[in-house]
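> Return atomic coordinates for the entry below.
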Amino acid sequence: MRRFSRLALPLIILLGLAAALPAWSQRLVHFNRVLFLYPDDYYKDAWARVTALLDKELPKSALEIVEEIYQRAHEERNEVQIVKSVIYKVSLNAELHDDGDSVIVAQLYDEIAKSRPAPRAILTSELAEFYMNYFAANRWVISQRTDNPHDRGSDFTTWSTAAIYDTTRALYLESLRPEDELRRIPIAEYADILINVPGSRALRPTLFDLLAHRAFNFFNGFNDPWLKRENYRLSNLQGFLPAERFAVASFPAPGDSAAPTYTALRLMQRLTTSHLGDPSLDALADLEIERLQFARHITVAPGTAAAYTDALTALRRRTSGTPLENDFIYLLAAEANERDDHREAVRLADQAMARFPDSRGAINARALRARIIQKELSIATEKTVLPNAPSLASIGFKDIAMVHCRLVDMSDIRSVERLYLRYLSWENEKFKSLLGRSPKLEWSQPLPDPGDHVSHTTQIRIPPVEKGVYLLLVSPD
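Next up, the predicted model:
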């Protein structure tokens, strides 16, 4: 029997900015990293037994218990446990067969066909992800195949890139049906098989949100040159319209209506429509961030950067006085940083950190600020200079107003050892011993730092020194 190589984790939906079901290539030995809490002690105890058997690498015995859970879940119409047991069952059956990938596909199709709407939607999304993971693992072989759209056959292991994309696309779109019913299912109903990131349920409040974002991530991220699909771009600024207008905007259809980016755009409209009437701005604000960044990526019209900034500013005003405002302040700071206005970026980051310092936007702003103000220092000199004459060293620096310099005599150190020194870290004992030596020369040198958080280069003068071998040590103020 093969070692655990193809098995998936159980259905663990990561709620957050990029919700995702697990890849089928992950290992079952990771099961014990997740704690599942069930209201019914039967399921809690049964899954504990499954985990124990998997820890002992006894998948066949574990499968027997999973089958019992599966049967009971169907008898009770417990959809959460049905989904989880199906994922385990399919994974374990695949591991016990040589043609595991084919087993996964066949059994998932079988379960999808007899499932109720919510489990069917989740399993359909999982099947779509399996195809994409299979494609990623076999991309080069698949990309060499010629597509025959009129005779692709049912064996996915012989499909071309286009065949896999078309099938996956259809599955992701199918996973969003029936949309009205999926919108009415709170994601909290699936809490028993969710990893709960604090605050995430407010951002993906329904099952439709979770599945739609998974589909959007696929269409937005699928970019394979072998697909030969139209690279859809917006030649106007409609992608930056306020949410209410964007949701009903008419976008010119491409010649290829199945183009990934165009499908992602239409899906973003559906997601936006679903949250326009929400009593809370949490989900819509998070969606607006995703939408504006997506629009900026696909828009090629003049004024794109300004439209993006204006849209962020408008959303900052709309969320003013709430932790959500910090998300938009951070994005405005990041935008300023990209156009090299680092002072403005730091100013905005400071604003976010002062408002709701524990919010997601403040945390991101703090990290951005730290990157911007991080000091940089580098030095380059000639390998050989004239004795008893001044020389120059090139200094690269950022946010440093003064450097302190030392010339340390190394004439007593063998040449081989001196060569070795350049590969040592400052923590090495040999370097520490050099730092402890009395310097031949020591001086301080101001640098022309304008405080703009940009890297600069200048030259500093090294005073004359007699013939010898020296190490130049430079440290910031």
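> In PDB, list the C-alpha atoms belonging to the helix or strand encompassing residue 327.
Here residue 327 sits within helix 324-338, counting by DSSP states H and E. Provided in PDB are the C-alpha atoms of helix 324-338 (Å, rounded to 0.1, in the frame of the first residue of the first chain):
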ATOM      1  CA  LEU A 324     -13.000  49.400   8.700                       C
ATOM      2  CA  GLU A 325     -11.600  52.800   7.900                       C
ATOM      3  CA  ASN A 326      -8.100  51.600   8.800                       C
ATOM      4  CA  ASP A 327      -8.300  49.100   5.900                       C
ATOM      5  CA  PHE A 328      -8.600  51.900   3.400                       C
ATOM      6  CA  ILE A 329      -6.100  54.200   5.200                       C
ATOM      7  CA  TYR A 330      -3.600  51.300   4.900                       C
ATOM      8  CA  LEU A 331      -4.400  50.800   1.200                       C
ATOM      9  CA  LEU A 332      -3.900  54.500   0.600                       C
ATOM     10  CA  ALA A 333      -0.600  54.300   2.400                       C
ATOM     11  CA  ALA A 334       0.400  51.300   0.300                       C
ATOM     12  CA  GLU A 335      -0.500  53.200  -2.900                       C
ATOM     13  CA  ALA A 336       1.500  56.300  -1.800                       C
ATOM     14  CA  ASN A 337       4.500  54.000  -1.100                       C
ATOM     15  CA  GLU A 338       4.200  52.400  -4.600                       C
END
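> Can you list the residue ranges for strands in the stretch 51-200 of the chain?
Assigned by DSSP state E, counting those that start in this stretch, the stretch 51-200 of the chain shows strands spanning 194-195.
> Please read the previous query as pertaining to the stretch 301-450 of the chain.
Ranges of strands within the stretch 301-450 of the chain are 376-381, 391-398, 402-409, 441-446, based on DSSP E, counting those that start in this stretch.
> what's the closest of those strands to residue 252?
Smallest distance to residue 252 across the strands of the stretch 301-450 of the chain (CB to CB): 45.1 Å, for strand 391-398. All C-beta atoms are positioned from the backbone trio N, CA, C, and that covers glycine.
> and that closest one, which strands flank it?
Strand 391-398 pairs in its sheet with strand 376-381 (antiparallel), strand 456-462 (antiparallel), by DSSP bridges.
> Redo those strands as CSV? Include distance to residue 183, mean pLDDT and mean neighbour count.
Below are the strands paired with strand 391-398 laid out as CSV (distance: least, CB to CB, whole Å; pLDDT from 0 to 100; neighbours: other CB atoms under 10 Å):
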stretch, distance to residue 183, mean pLDDT, mean neighbour count
strand 376-381, 50, 93, 14
strand 456-462, 54, 95, 14
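> Residue 136 is nearest to which of those?
Here strand 376-381 is closest among the strands paired with strand 391-398 (CB to CB), at 36.9 Å.
> what's next to the closest one, contact-wise?
For strand 376-381, contacts defined as CB atoms under 8 Å, 6 or more residues apart in numbering pick out 391-400, 403, 455, 462, 472, 474-476.
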